[in-house]
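Chemist: after the sequence you'll find the predicted model.
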Amino acid sequence: MASPRPKSPRQPIVKNDKEESFWDKIGTLGRKKRIKEVQEVQAEGKYAIDSPGSPMAPEMPPEEYALEENEERSVIAPRSLDEPRVQDLMRVLIDWINDVLANQRIIVKNLEEDLYDGQVLQKLLEKLTNDKLDVPEVTQSEEGQKQKLAVVLATADRVLGISRYGLPKWSVESIHSKNIVAILHLLVHLARFFRAPIRLPENVSVAMIVVQKAGDKLVHRTVREQITETYDDLGVRCERDAFDTLFDHAPDKLQVVKKSLVTFVNKHLNKINLEVTDLDTHFHDGVYLILLMGLLEGFFVPFHCFHSTPADFDQKVHNVAFAFELMEDIGLAKPKARPEDIVNLDLKSTLRVLYNLFTKYKNIA
């Protein structure tokens, strides 16, 4: 039997030390570079298919994921994040978050890196709703972070009414995996719902690569996923009215209007020993609005119909919505504002509602 070939690196090799060794080295470096490039491209392609890049993607780790026949998976096209509109949107949202959390000394620089563990999202939601979430302040483990995220996102879904309108475009897994598309969807919904004093770039979309398994092949196509639409600074389409003009161009006249409305509401609320001094805040929980409706129409509102001392955001929204129902019952047009606008201390919406009452009841003793 032939003896095995020696494995020593010092095998005797005959070569030209002056020329052959030099070009061998150059050739080896070139081959290694090409091999490395190929490996990087292969790895990038595998990650693009396997990584959780869509807010609607199944919640499972990439290594456990396998496409079934006709199943689809989508990932964001990397260069899509460099588009000017997308960059503007991320910048506006970062500035908004930092403004909201300024008194807590929280500074967000990168949405993916700073929001994925739920800490900043928790503080943001608490500030927006004025409610404390029952979650640990600091969580180091991945499991703990996901548990906190689950509570935070469940609260956000409830406040936003997602369960009533369909599935959210974000999940615990997508946010924790730093999915920028899911994060943007969540922040845009929060900014619109809470009437953030910002103007979101309109018609922002990102390119998504959709991969589908068909037979033994992976077929891909590129689609655009919409993040914002039009009029996102208001959240809804609406025409400008006199209050828009007052706020923008006649702040001195706005003060006159506010003073007239304060006099009007106190004329009636004083009958039950209540007084309003600040229109910006005294109607945000709906209690004064309900009582005012009863005084204007001469009926008693049973206490079991509303929360006389609302303890959270939902109870305040319930109160304002109930006041709106009373207005419709007596023949007033449905308010253009949403109950959430009043609860969120949107002064313009509050003034619109009170002015409608003033127009109808200004001559009542």
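Modeler: Structure's in. What do you need? Numbering: from 1, shown residues only.
Chemist: rest of the way, CA atoms for contacts and neighbours
Modeler: Will do.
Chemist: next, the closest residue to His282 other than its chain neighbours: secondary structure please.
Modeler: Leaving aside its sequence neighbours, His282 sits nearest to Val276 (CA to CA, 6 or more residues apart in numbering; 6.4 Å). Assigned with DSSP: H, G, I helix; E, B strand; the rest coil, Val276 falls in the coil class.
Chemist: Val276 is in contact with Asn266, isn't it?
Modeler: Yes - Val276 lies in contact with Asn266 (CA atoms under 8 Å); the separation is 6.2 Å.
Chemist: the residue nearest to His282: neighbour count?
Modeler: Counted with other CA atoms under 10 Å, residues neighbouring Val276 total 18.
Chemist: do the same with the one 10 residues further on
Modeler: By other CA under 10 Å, the residues close to Gly286 number 28.
Chemist: ok, now Glu143?
Modeler: Residues near Glu143, counting by other CA under 10 Å, number 10.
Chemist: how about the strands in the protein?
Modeler: 72-76, 205-214, 217-226 (DSSP state E).
Chemist: buried deepest among those, which one?
Modeler: Ranked by average neighbour count under the criterion mean count of other CA atoms under 10 Å, the strands of the chain are headed by strand 72-76 at a mean of 22.
Chemist: what is that strand packed up against?
Modeler: Strand 72-76 makes packing contacts with helix 20-50, strand 205-214 when contacts are defined by 3 or more CA pairs under 8 Å, 6 or more residues apart in numbering; DSSP states H and E.
Chemist: comparing those by mean pLDDT, which bottoms out?
Modeler: Note on the helices and strands packed on strand 72-76: helix 20-50 shows the lowest mean pLDDT, a mean of 52.
Chemist: center of the chain, which residue is that?
Modeler: Leu187 (1.8 Å; CA atoms, centre = their mean).
Chemist: hmm, Leu200 is touching Leu89, no?
Modeler: Yes - between Leu200 and Leu89 there is a contact at 6.3 Å, judged by CA under 8 Å.
Chemist: residue contacts, Lys362?
Modeler: Phe264 (CA atoms under 8 Å, 6 or more residues apart in numbering).
Chemist: just to revisit the earlier point, neighbour-wise, which of Leu200 and Leu89 wins?
Modeler: Set Leu200 next to Leu89 and count neighbours by other CA under 10 Å: Leu200 wins out with 26 against 20.
Chemist: measure the more buried one to Asp252 for me?
Modeler: 28 Å (CA to CA, to the nearest Å).
Chemist: tell me the contacts of the residue nearest to His282?
Modeler: Per CA under 8 Å, 6+ apart, neighbours of Val276: 262, 265-266, 282.
Chemist: of these - the most surrounded one?
Modeler: Going by other CA under 10 Å, Val265 tops the contacts of Val276 with 23 neighbours.
Chemist: mind checking how far it is from Asn110?
Modeler: 46 Å.
Chemist: any idea how the protein splits into domains?
Modeler: 67-226, 242-361 (automatic domain parsing).
Chemist: any weak-confidence spans in the protein?
Modeler: Low-confidence regions of the chain, defined by pLDDT under 70, span residues 1-67, 163-166, 231-250.
Chemist: apply 50 and report the result again.
Modeler: Residue ranges of the chain with pLDDT under 50: 1-20, 22-23, 25-26, 47-65, 232-239.
Chemist: need the helices for it, in chain order.
Modeler: Here the chain has its helices, by DSSP state H, at 20-50, 84-100, 111-115, 119-129, 142-160, 162-165, 172-176, 180-193, 242-249, 251-269, 287-297, 313-329, 339-343, 347-361.
Chemist: contact partners of the second one?
Modeler: It refers to helix 84-100. 80-81, 106-111, 124, 127, 184, 187-188, 196, 198-201, 204-206.
Chemist: out of those residues, which are buried?
Modeler: For the contacts of helix 84-100, a burial check counting by 16 or more other CA atoms under 10 Å picks out 80-81, 108, 111, 124, 184, 187-188, 196, 199-201, 204-206.
Chemist: isn't Phe313 right next to Lys132, touching?
Modeler: No - contact between Phe313 and Lys132 fails when scored by CA under 8 Å: they sit 10.9 Å apart.
Chemist: settle it for me: which of the two has more neighbours?
Modeler: Phe313 (17 against 12).
Chemist: what sits against that one?
Modeler: So Phe313 contacts 129-131, 159, 343 (CA under 8 Å, 6+ apart).
Chemist: redo those as CSV? Include neighbour count.
Modeler: Output for those, formatted as CSV (neighbours: other CA atoms under 10 Å):
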residue, neighbour count
Thr129, 18
Asn130, 12
Asp131, 13
Val159, 18
Val343, 26
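Chemist: quick one: closest of the helices of the chain to Glu71.
Modeler: Among these, the nearest to Glu71 by CA to CA is helix 20-50 (12.1 Å).
Chemist: give the burial count for Ile272, as a bare number.
Modeler: Ile272: 11 neighbours (other CA under 10 Å).
Chemist: quick one: it and Lys316, what's the gap?
Modeler: Separation of Ile272 from Lys316 (CA to CA): 21 Å.
Chemist: go on, Ser205?
Modeler: Distance from Ser205 to Lys316, by CA to CA: 35 Å.
Chemist: cool, and His284?
Modeler: For His284 relative to Lys316 (CA to CA), the value is 7 Å.
Chemist: overlap of the contact sets of these two?
Modeler: Val343.
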